[in-house]
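Novice: I need the structure of the sequence given here:
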Amino acid sequence: MTSDNTEAHILYFAQNGSVPNNPSLPVMLLRGAFTPGADCAQIRHRFARNGWGGAWAWRIFDHHHYHLSAHEALVVRSGAADLLLGGPGQQAVHLKAGDALVLPAGTGRCRIAATGDFQVCGAYAPGQDRSEVVAACGQVPRPGDRDTISSLRVPAIDPLFGADGPLAQHWRCSAAA
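Specialist: Presented below is the predicted three-dimensional model:
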């Protein structure tokens, strides 16, 4: 069940060493996107209804990494965690049950702390159901990574709120700029 108290935050990240981030699309942090206690079936149903696929439930890796070939939506189902977004030395965010992130391809993330019950449900943009995960281990982004990231289609629909959701509005504006 989605919440009526959703608060959207937009975060941009430039390339950061081994983390390419995304040159044109912002991270969307949606506070209170779901009512705390929503189960994965409800979250997955919302993703599927909006065309986002490859849904899964688990944690977030505790090392810097990014998805090369897909935009990803995450909803915190239970617990809380601190993540570092954008790669080493970038922005720490605290997430709790009900919060959501929509991460454009290339955006670095790393779990730096979490409660024992921390779990997220995730999905990928339409047509991007499988994504290559790249561990950012100090090397520069691989040749071609930036081109792959930039060539991905911008989803026409928000994974949680549909065609008029905040993602569709902010990403369409960013992609057009």
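Novice: give the contact list for Asp129.
Specialist: Gly53, Gly54, Ala70 (CB atoms under 8 Å, 6 or more residues apart in numbering). Backbone N, C-alpha and C define where each C-beta goes, glycine included.
Novice: got a pLDDT number for it?
Specialist: Per-residue pLDDT puts Asp129 at 79.
Novice: Can you classify it as helix, strand or coil?
Specialist: The three-state assignment at Asp129 reads coil, by DSSP: H, G, I helix; E, B strand; the rest coil.
Novice: coming back round to it: as TSV, the contacts of Asp129 with distance to Leu160 would be great.
Specialist: Formatted as TSV, the entries for the contacts of Asp129 read as follows, by distance: CB to CB, whole Å:
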residue	distance to Leu160
Gly53	14
Gly54	16
Ala70	17
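Novice: Considering these, which possesses the most neighbours?
Specialist: Neighbour tally across the contacts of Asp129 (other CB atoms under 10 Å): the maximum, 22 neighbours, falls on Ala70.
Novice: what about it, which helix or strand?
Specialist: Using DSSP states H and E, Ala70 is not contained in any helix or strand.
Novice: what's near enough to touch it?
Specialist: Neighbour list for Ala70: Gly54, Ala105, Tyr124, Ala125, Gln128, Asp129, Arg130, Ser131, Leu152 [criterion: CB under 8 Å, 6+ apart].
Novice: Can you name the residues that contact the fifth one?
Specialist: Remark: with contacts taken as CB under 8 Å, 6+ apart, Gln128 is in contact with Gly54, Ser69, Ala70, His71, Ala105, Leu152.
Novice: if we take those, which one ends up nearest to Asp164?
Specialist: His71 (18.1 Å; CB to CB).
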